[in-house]
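K.L.:
Here is a sequence together with a model predicted from it:
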Amino acid sequence: MRLFKIRGGIHPDGRKELAENARIEQIPLPSLMRIPLKQHTGAPANPIVEKGESVKKGQLLAISRGAVSASIHAPTSGRIIAIGRFVAPHASGLPEPTITLRPDGRDEWCQLLPPLDPFETPPDEIAKRIAEAGVVGLGGAAFPAAVKLNLRNRTNLHTLVINAAECEPYITCDDRLMRERAEEILDGVAIICHTIGVTKALIGVEKNKPEAIRALKREVEKQDRYDIKVVEVPTRYPTGFAKHLVQILTGQEVPARALTAEVGVIVQNVATTYAIQQAVRYGRPLISRIVTVSGEMIRQKGNFEIPIGTPISHIIEHCGGFIDEPEKLLLGGSMMGDPVSSTRAPIIKGSNGILALGRKETSQKPIMPCIRCTSCVAACPCGLMPYEMAARIKADELESAVDIGLRDCIACGSCSFVCPANIPLVQYFNYAKGSLTAKQRAAHKQEETKRLVQFHDARMEKIKREKQEAMARMKAEREAKKRQKEQEEAAKAKAEAEAPATEALPDAEEASTQEQRARAEA
């Protein structure tokens, strides 16, 4: 099959040999599990359980909110001991809404959703099942899988691409998944093809995973329902970025800030594909994922199936702890991973690795002035000018940096990797994006405040107007009653004035009667 070239890219030391031969192991349950309500792109889930409630494994804890969101399920059985804020697994370490679960050790399943026959079930029902299972993209972005599959209703799709490149150094969890569970993955590919209404699927795997490629090809030969091909792609970072993989496999370049669906292609990560198969075939929600634990400073390197919500400290302890204090502790790969702010933070759906890196692996060197060599331009897979963007950001010209492509940066770190001056370019870009986002939120807040003030003023004016109208009505009613009362009193006075003349006759008659009686008695 013909492959197409993409611009830029680099060849960092893969370091995959540290964990690639370690089979997937189950990890014991911790004493406490922290389950964040936001483990996905979009709005946080709404909790539907209460403190003190007992739950079972797989039970729904929080329901998706809004068009882009994902449900959260219990990773094991136990009791809810808190619903509050807890340190989140990202660089800031800021607390986020979290459910704290104390496992009971029984690991008892709840009543799962009934299995579906995927090829006899309407696509809408399959997408609904995937949404109910809380499946999100496991390649890092954590975009709700059902939302992506429902793009079939808005675009004309022709190809499914399974992202199995796994180009991040050190990370081998997808490699092991393909080696050990290839049959389930191919079943998942067929389920997605049926759901989005395409017959063609391409599984892109980097050439440095020969055993995974062989395992997938064996399973492809066993099926004839769809046109599925396993395609070996060059080992180059960041081949695993969805838009670049689509270009390599199909030759179609996805426009900046556009979805791959707009060129007729849906991309799903290989681990997401496995999770979809488990949700449809067995009704199992996404409550665990495979994580690579690696780096020179960790004693036992390997690939572990870890329940969502397991603290990083528990995983490190299970792996024998650190050989020595790591120079860097990352959640994710060495290129795009985030520094771990606290080992109390939990593993979430988007976590694919924990790296404890030593001094040799980090190779921290002094930062020097930019010599404008344009090595970063050659390495950038998006065709940007990193050195120029960094210069504008340092001059606090953020909007100017946006004008030359800041928002198109995928933060892959290729520019920082090749920079001979050791300038942390990607940190500048992340800082600028964060600052712009904060400014946008502040502006939005200001506009919202202005709107609320205007709404308040309009409401108060309406209340004032209604009060004045009510007072006018009350005054008119009082005056009307006063006039009516005056008329009644006038009528009564007139009646009283006429009453004596009318009532005098009976008094005269009575006097005459009394006089006659007196005479008779005499």
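P.N.:
It's in.
K.L.:
roughly how far apart are Lys349 and Gly337?
P.N.:
Applying CB to CB, to the nearest Å, one obtains 16 Å for the distance of Lys349 from Gly337. Bear in mind the C-beta positions are built from the backbone N, C-alpha and C, glycine included.
K.L.:
Please disregard the earlier target; I meant Asp104.
P.N.:
33 Å.
K.L.:
With Pro44 instead?
P.N.:
23 Å.
K.L.:
more crowded one of the two?
P.N.:
Gly337 (25 against 19; other CB atoms under 10 Å).
K.L.:
so what pLDDT did the more buried one get?
P.N.:
Listed pLDDT for Gly337 reads 90.
K.L.:
which residues does it contact?
P.N.:
Gly337 sits next to 168, 330-331, 353, 355 when contact means CB atoms under 8 Å, 6 or more residues apart in numbering.
K.L.:
And these, which two are furthest apart?
P.N.:
Across those, no pair lies farther apart than Glu168 and Leu331, at 12.1 Å, counting by CB to CB.
K.L.:
okay, and the common contacts of those two?
P.N.:
Common neighbours of Glu168 and Leu331 (CB under 8 Å, 6+ apart) are 337, 353.
K.L.:
least trustworthy helix or strand in this structure by mean pLDDT?
P.N.:
helix 425-521 (a mean of 81; mean pLDDT, DSSP states H and E).
K.L.:
elements contacting that helix?
P.N.:
Packed against helix 425-521, as judged by 3 or more CB pairs under 8 Å, 6 or more residues apart in numbering; DSSP states H and E, are the following elements: helix 386-394, helix 398-403, helix 414-418.
K.L.:
Just put the ones you listed in JSON lines and tack on distance to Ile367.
P.N.:
Supplementary listing: the helices and strands packed on helix 425-521 in JSON lines, determined by distance: least, CB to CB, whole Å:
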{"stretch": "helix 386-394", "distance to Ile367": "11"}
{"stretch": "helix 398-403", "distance to Ile367": "19"}
{"stretch": "helix 414-418", "distance to Ile367": "11"}
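K.L.:
Can you lay out the ones you listed as TSV showing distance to Asp174 and mean pLDDT?
P.N.:
Putting the helices and strands packed on helix 425-521 into TSV (distance: least, CB to CB, whole Å; pLDDT from 0 to 100) gives the following:
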stretch	distance to Asp174	mean pLDDT
helix 386-394	28	95
helix 398-403	34	93
helix 414-418	21	94
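K.L.:
out of the ones you listed, nearest to Pro123?
P.N.:
Among these, helix 414-418 comes nearest to Pro123, with 37.7 Å by CB to CB.
K.L.:
Give me the number of neighbouring residues for Leu452.
P.N.:
10.
K.L.:
Tell me the bridge partners for the closest residue to Gly139 other than its chain neighbours.
P.N.:
Leaving aside its chain neighbours, Gly139 sits nearest to Asn269 (3.6 Å; criterion: CB to CB, 6 or more residues apart in numbering). Listed beta-bridge partners, Asn269: Asn163 (assigned using DSSP bridges).
K.L.:
which ones are touching Asn269?
P.N.:
137-139, 162-164, 174.
K.L.:
from those residues, which two are the most distant?
P.N.:
Gly137 and Ala164 (13.3 Å).
K.L.:
Helices of the chain, start to end?
P.N.:
In the chain, the segments counted as helices under DSSP state H are 123-132, 145-149, 173-180, 182-196, 210-221, 242-250, 270-282, 312-318, 359-362, 375-379, 386-394, 398-403, 414-418, 425-521.
K.L.:
which helices and strands does the third one pack with?
P.N.:
Using 3+ CB pairs under 8 Å, 6+ apart as the contact definition, the elements that helix 173-180 packs against are strand 24-26, helix 210-221, helix 270-282, strand 288-294.
K.L.:
contact partners of it?
P.N.:
Contacts of helix 173-180 (CB under 8 Å, 6+ apart): 16, 20, 22-24, 164, 166, 185, 205, 209, 211-212, 215-216, 269-271, 274, 289-292, 303, 352-353.
K.L.:
Distance from the chain centre to it, please.
P.N.:
Here helix 173-180 is found 25 Å from its chain centre; the criterion is CA atoms, centre = their mean, to the nearest Å.
K.L.:
Looking at Gly137 and Ala164, which is more packed in?
P.N.:
Ala164 (29 against 25).
K.L.:
contacting residues around the residue lying closest to that one once chain neighbours are set aside?
P.N.:
Of all residues not flanking Ala164 in the chain, Val270 sits nearest, at 4.0 Å (CB to CB, 6+ apart). By CB under 8 Å, 6+ apart, the residues touching Val270 are 162-164, 174, 177-178, 185, 203.
K.L.:
repeat for Pro346
P.N.:
Contacts of Pro346 (CB under 8 Å, 6+ apart): 33-36, 89, 308-312.
K.L.:
one step back: which stretch among the helices and strands packed on helix 173-180 comes nearest Arg85?
P.N.:
Using CB to CB, the helices and strands packed on helix 173-180 put strand 288-294 closest to Arg85, at 23.4 Å.
K.L.:
can you list contacts of the closest one?
P.N.:
15, 18-19, 24, 75, 138, 170-174, 176-177, 271, 275, 300-308, 315-316, 319, 347, 349, 351-356.
K.L.:
Quick one: neighbours of Leu138, just the number.
P.N.:
Neighbours of Leu138 (other CB under 10 Å): 26.
K.L.:
Ala421 too?
P.N.:
17.
K.L.:
got a list of what it touches?
P.N.:
Applying CB under 8 Å, 6+ apart, the residues near Ala421 are 367-371.
K.L.:
show me where the stretch 51-200 of the chain has strands.
P.N.:
For the stretch 51-200 of the chain, the strands defined by DSSP state E, counting those that start in this stretch occupy 54-55, 60-63, 72-73, 78-87, 95-103, 159-164, 200-206.
K.L.:
okay, those strands in CSV with mean pLDDT and distance to Pro255 next?
P.N.:
Putting the strands of the stretch 51-200 of the chain into CSV (pLDDT from 0 to 100; distance: least, CB to CB, whole Å) gives the following:
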stretch, mean pLDDT, distance to Pro255
strand 54-55, 97, 45
strand 60-63, 97, 34
strand 72-73, 98, 34
strand 78-87, 96, 38
strand 95-103, 96, 33
strand 159-164, 97, 17
strand 200-206, 97, 20
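K.L.:
re earlier: which of the contacts of helix 173-180 count as buried?
P.N.:
Among the contacts of helix 173-180, those classed as buried by 16 or more other CB atoms under 10 Å are 16, 20, 22, 24, 164, 166, 185, 205, 209, 212, 215-216, 269-271, 274, 289-292, 303, 352-353.
K.L.:
follow-up on the earlier one: return the entry from the contacts of Ala421 with the maximum number of neighbours.
P.N.:
Cys370 (18 neighbours).
K.L.:
That residue and Ala391 touch, don't they?
P.N.:
Yes. Using CB atoms under 8 Å, Cys370 makes contact with Ala391 at a distance of 7.3 Å.
K.L.:
Neighbour-wise, give me the winner out of the contacts of Gly337.
P.N.:
Leu355 (29 neighbours).
K.L.:
hang on, that residue packs against Lys328?
P.N.:
Yes. Between Leu355 and Lys328 there is a contact under CB under 8 Å: 7.4 Å.
K.L.:
ok so, going back, nearest to Gly283 among the contacts of Gly337?
P.N.:
Gly353 (28.5 Å).
K.L.:
what's next to stretch 85-98, contact-wise?
P.N.:
Counting by CB under 8 Å, 6+ apart, 34-38, 44, 47, 83-84, 100, 312, 331, 338-342, 344-348, 351 sit against stretch 85-98.
K.L.:
are any of these buried, and which?
P.N.:
34-38, 44, 47, 83, 100, 312, 331, 340-341, 344-348, 351.
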